[in-house]
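**Student:** okay, here's the prediction I keep looking at, along with the sequence it came from:
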Amino acid sequence: MKAHALSELGRRTEEPPISWLMASALARAQLISLAAGFTDNESLPLKEVRQLLKEMLSTPQTGQAALQYGTTAGDDVLRKLTSHRLQLLDGTPAAWRAYSSDRMIISNGSQQMLYMVTEALCDPGDLVLVEDPSYFVYLGILQSHGVRARGIRMEQDGLNLARLEAVLAALKRSGELRRVKMLYLVSYYQNPTGRTTNYAKKAGALKLLRQYEPAAGHPIYLLEDAAYRELRFEGDDVKSALAIKGSSERVIYSGTYSKPFATGTRVGFGLMPEPVFTAVLRIKGNHDFGSSNLLQQLLARALMSGLYQKHLVVLRRRYAHKARLMREAIRQHFPAAVESWEPAGGLYFWARLPRRLKSGVGSKVFRRALANDVLYVPGELCYADDPTRRKPNHEMRLSFGSASEAKVRKGIARLGAVFRDCLGK
């Protein structure tokens, strides 16, 4: 073996699946990608952003301020606007400490926030509880840091609380509870399943974490990843975990403006208690000493002018339409033996094949799908490497976000043909 100078983290970090999924789509122009969680090109707010930039750069005072460095924590105006918006979404009093803008850090998309929080809280060998299945890119962050994940089974309305309690109890008996640092939930229109965790389950989960804290010997945090919250196109909004009484000391809330406005802006944010806030702020300082000031001021202007809110109405309508298209195509082309779950927001459908039919990267289904120029995310990538259960290998994530309407129909038709062929029908 050749000597090298890579750190343990450098040697340990595996290639993120998202990298080769995106590379496959870009390398083959004819490939229909129902894998990438890109947003819809046609809905990007080109006109609105052009107008906002023109206004921002129209005077030396506003233009120079936007083009100069900002602070590590982020633009004060954007932090206050974001805090106020979250309070309105949750319907909570303005005085609630959990929403205070001085607890907020602006990041380069929510992905950086998830990375920094994990870096601030977790050492190699620690445990993070995750939904089963969960956001596979976050599972990669855990893997790269040498952090173990323990999966908690999901139901239609989110986390299975009985299973969460059983896992916490088992970890207490084994002496591993002291290594548990947090519970990670993608609580709105979950990536990958499209499910939403109801408010009662968030409160129940937080109560269980607090109940087991004395045995752990330290706080156990609830990290709520709300990246898809504002992409709701059916039903009512669900309050975040910030609205739970006593949440201010245990809930870390991560959100983004990338998905609901424009993914190219890469502006996210996080609300968190001390000492996590100070630790993340110092890590952020080492990463980049502040996210793009220009893009933060762009988002602040979008919020203050009402352009953000108007665009969100258009975006929700667009995704509702594309979700209907995918649902109709699935009903038309998928065999009856294939189950699928319809989202009320977000970008994804979750499909489950009969157990005898595998969907993983090395499976016949995946190979034939690629041969027929259609790509999906194998469900096996969305499950943590949890030694306490076998990883399912007969599910898949399908995205209607970036593909055109015609490609959504055609891609689902191609997948349906693959399924029928593999099932011998």
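**Tutor:** Received, thanks.
**Student:** what about D40, neighbour count?
**Tutor:** Summarising burial for D40: neighbours were counted as other Cβ atoms under 10 Å, giving 19. Backbone N, C-alpha and C define where each C-beta goes, glycine included.
**Student:** my error: substitute M56 in the last question.
**Tutor:** 18.
**Student:** my guess is it meets L299, correct?
**Tutor:** No: proximity of M56 to L299 does not meet the contact threshold set by Cβ atoms under 8 Å, at 11.1 Å.
**Student:** wait, what's in contact with the residue nearest to P133 when sequence neighbours are not counted?
**Tutor:** Of all residues beyond its chain neighbours, the one nearest P133 is C382 (3.6 Å), with distances taken as Cβ to Cβ, 6 or more residues apart in numbering. By Cβ atoms under 8 Å, 6 or more residues apart in numbering, C382 lies in contact with P133, S134, Y135, F136, L139, P192, E395, R397.
**Student:** can you give me the distance of C382 to R153?
**Tutor:** 13 Å (Cβ to Cβ, to the nearest Å).
**Student:** skipping adjacent residues, who's closest to A279 in space?
**Tutor:** A120 (3.9 Å).
**Student:** which residues touch the one you found?
**Tutor:** So A120 contacts V276, A279, V280, I283 (Cβ under 8 Å, 6+ apart).
**Student:** go with 10 Å
**Tutor:** Neighbouring residues of A120 by Cβ atoms under 10 Å, 6 or more residues apart in numbering: 181, 252, 272, 275-284.
**Student:** in contact with N372, which residues?
**Tutor:** L31, I32, G411, A413, R414, L415, A417, V418, D421.
**Student:** just the element for the third one, please.
**Tutor:** Secondary structure from DSSP states H and E places G411 in helix 405-423.
**Student:** could you point out which element follows the host helix or strand of the residue nearest to A279?
**Tutor:** Following DSSP H and E, one finds A120 within helix 109-121. Next helix or strand after helix 109-121 toward the C-terminus (DSSP H and E): strand 127-132.
**Student:** and that following strand, average pLDDT?
**Tutor:** The pLDDT scores in strand 127-132 average 98.
**Student:** pull up the pairing partners for that strand, direction included.
**Tutor:** Using DSSP bridges, the strands paired with strand 127-132 are strand 148-155 (parallel), strand 180-186 (parallel).
**Student:** angle of the helix or strand that that strand is followed by against strand 127-132?
**Tutor:** Scanning forward in sequence from strand 127-132 by DSSP H and E, the next helix or strand is helix 136-144. Per axes from the mean of the first three to the mean of the last three Cα atoms, to 10 degrees, the angle that helix 136-144 makes with strand 127-132 is 160 degrees.
**Student:** follow-up on the earlier one: just the contacts of N372 now: which is nearest Y376?
**Tutor:** Nearest to Y376 out of the contacts of N372 is L415 (Cβ to Cβ; 7.0 Å).
**Student:** tell me the contacts of the closest residue to that closest one other than its chain neighbours?
**Tutor:** Closest residue to L415 apart from its sequence neighbours, by Cβ to Cβ, 6+ apart: V374 at 5.6 Å. By Cβ under 10 Å, 6+ apart, the residues touching V374 are 31-35, 368, 398, 403, 407, 410-418.
**Student:** contact partners for the residue nearest to D421 when sequence neighbours are not counted?
**Tutor:** Sequence neighbours aside, R368 is the residue nearest to D421 in space, at 6.8 Å (criterion: Cβ to Cβ, 6+ apart). Residues counted as contacts of R368 (Cβ under 10 Å, 6+ apart) are V374, R414, L415, A417, V418, F419, D421, C422.
**Student:** walk me through the domains of the chain.
**Tutor:** Domain segmentation of the chain under automatic domain parsing yields 8-44+310-423, 69-306.
**Student:** what distance separates the shortest one from the centre of its chain?
**Tutor:** The one in question is domain 8-44+310-423. Put simply, domain 8-44+310-423 sits 16 Å off its chain's centre (Cα atoms, centre = their mean, to the nearest Å).
**Student:** what's the overlap in contacts for C382 and R153?
**Tutor:** In contact with both C382 and R153: E131, D132, P133, using Cβ under 10 Å, 6+ apart.
**Student:** quick check: the last one touching N393?
**Tutor:** No: using Cβ atoms under 10 Å, P133 is not in contact with N393; the gap is 11.5 Å.
**Student:** which one of these two has more residues nearby?
**Tutor:** P133 (26 against 18).
**Student:** compute the distance between the more buried one and R352, please.
**Tutor:** Applying Cβ to Cβ to P133 and R352 gives a distance of 11 Å.
**Student:** can you list residues touching both of these two?
**Tutor:** Contacts common to P133 and R352, judged by Cβ under 10 Å, 6+ apart, are T193, G379, P392, E395.
**Student:** list buried residues within these.
**Tutor:** T193, G379, P392, E395 (16 or more other Cβ atoms under 10 Å).
**Student:** tell me the bridge partners for the residue lying closest to the second one once chain neighbours are set aside.
**Tutor:** Once its chain neighbours are removed from consideration, G379 has its nearest residue in E395; the separation is 2.9 Å (Cβ to Cβ, 6+ apart). In this entry, E395 is beta-bridged to R352, by DSSP bridges.
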